[in-house]
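**Student:** heads up, no residue letters with this:
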Ligand code: URA
């Protein structure tokens with residue numbers, strides 16, 4: 001199988017890591033890499049620099065909504081949708097029984113999200129696809145495999161980050177979520193972000209840009225820092241787009257390097 005752009009970055013970093021105890025992608029390393037002329041880079045410290053202590057988490061209160069059996073028809077959001085006292089497990093319990101929009105009718109699983117509940121880095125996609133709906137986990141299909149490579153190329157593991165979506169149930173035929181579906185589901189994601197408190201959010205594609213930041217134009221916005229609730233936000237391309245347009249991986253890598261800089265994992269510009 002042909003090597004992917006991100007495979008090559010990961011392999012290169014591994015080789016460098018074998019030479020030096022820790023390695024970060026320096027400017028020279030990156031230049032050498034892109035010129036296909038790898039040269040040993042000066043060892044640099046890897047690891048999350050400037051890590052600020054996170055503010056104390058709010059004490060979780062018991063769920064304010066009691067469990068209900070899935071209804072055959074969607075039952076819209078109500079006053080009960082105040083998630084502000086819920087911790088992640090309680091929030092997930094409610095999401096797992098959600099019938100607030102029509103997406104509940106065809107789903108096999110609710111894909112709540114997964115990863116490190118204290119992650120410094122969080123990725124947000126659109127919504128589950130076929131594989132995710134089957135497995136109940138985000139980004140486990142082809143696009144997910146590419147996302148994992150992107151995360152590894154950033155010198156993080158999947159377990160270190162948190163991954164979620166705008167909607168938790170699969171839109172039929174993998175269409176984009178409708179505005180009412182996204183708006184109905186957003187309180188779950190907002191609470192997830194509030195609880196995880198990442199230092200950086202990476203938005204994967206136009207859908208999270210539209211619904212979380214209320215912005216259009218991923219082509220214009222990618223690579224430019226935004227803000228959500230005082231959290232730095234980097235919009236970039238969705239991995240499914242990259243599968244269709246591999247030449248956009250290079251731009252995506254530039255965007256991801258900006259994120260890596262925040263964590264001291266890439267060269268300072
Ligand atoms: N695409 C997404 O946006 N999210 C997933 O979980 C899988 C594919």
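**Tutor:** Yep, it's here. No experiment lies behind these values; they were computed from the predicted model shown.
**Student:** Tell me how far the nearest residue to residue 106 once chain neighbours are set aside lies from the ligand.
**Tutor:** Leaving out its chain neighbours, the residue that sits closest to residue 106 by Cβ to Cβ, 6 or more residues apart in numbering is residue 172, at 5.6 Å. All C-beta spots, glycine's among them, are computed from the backbone N, C-alpha and C. From residue 172 across to the ligand, the span is 14 Å (Cβ to the nearest ligand atom, to the nearest Å).
**Student:** Also residue 149?
**Tutor:** Applying Cβ to the nearest ligand atom to residue 149 and the ligand gives a distance of 14 Å.
**Student:** wait, that residue sits on residue 8?
**Tutor:** No. In terms of Cβ atoms under 8 Å, residue 149 does not count as a neighbour of residue 8; the distance is 9.9 Å.
**Student:** what about those two, which has more around it?
**Tutor:** More crowded of residue 149 and residue 8, by other Cβ atoms under 10 Å: residue 149, with 19 against 15.
**Student:** which secondary structure elements does the helix or strand containing that one contact?
**Tutor:** Applying DSSP states H and E as the criterion places residue 149 in helix 142-153. Under the contact criterion of 3 or more Cβ pairs under 8 Å, 6 or more residues apart in numbering; DSSP states H and E, helix 142-153 touches helix 5-19, strand 121-125, helix 130-135, helix 239-244, helix 249-262.
**Student:** Run through the bridge partners of the residue in the stretch 101-250 of the chain that the ligand sits nearest to.
**Tutor:** Of all residues in the stretch 101-250 of the chain, the one sitting closest to the ligand is residue 125 (2.7 Å; Cβ to the nearest ligand atom). Counting by DSSP bridges, residue 125 forms beta bridges with residue 165.
**Student:** Spatially central residue in this protein, please.
**Tutor:** Central residue of the chain (Cα atoms, centre = their mean): residue 123, 1.2 Å from the mean position.
**Student:** my guess is that one contacts residue 161, does it?
**Tutor:** Yes. Between residue 123 and residue 161 there is a contact under Cβ under 8 Å: 6.2 Å.
**Student:** where do the contact lists of those two overlap?
**Tutor:** By Cβ atoms under 8 Å, 6 or more residues apart in numbering, residue 123 and residue 161 have these common neighbours: residue 151.
**Student:** near the ligand, which residues of the chain show up?
**Tutor:** Within reach of the ligand by Cβ under 6 Å from any ligand atom, the chain has these residues: 125-129, 132, 138-139, 143-144, 165, 240.
**Student:** to the chain's geometric centre, what's the distance from stretch 193-203?
**Tutor:** Averaging C-alpha positions (Cα atoms, centre = their mean, to the nearest Å) puts stretch 193-203 9 Å from its chain's average.
**Student:** now swap in stretch 83-97 and tell me
**Tutor:** Using Cα atoms, centre = their mean, the offset of stretch 83-97 from its chain centre is 19 Å.
**Student:** Endpoints of it, how far apart?
**Tutor:** End-to-end distance for stretch 83-97, by Cα to Cα, to the nearest Å: 14 Å.
**Student:** Show me what counts as buried in that stretch.
**Tutor:** Judged by neighbour count using 16 or more other Cβ atoms under 10 Å, the buried positions of stretch 83-97 are 83, 86-88, 90-92, 94-95.
**Student:** where does the chain have low pLDDT?
**Tutor:** In the prediction, the chain carries residues with pLDDT under 70 at positions 1, 19-72, 76-80, 267-269.
**Student:** Which helix runs longest in it?
**Tutor:** helix 179-196 (DSSP state H).
**Student:** any idea of the angle it forms with strand 121-125?
**Tutor:** Relative orientation of helix 179-196 and strand 121-125, computed by axes from the mean of the first three to the mean of the last three Cα atoms, to 10 degrees: 170 degrees.
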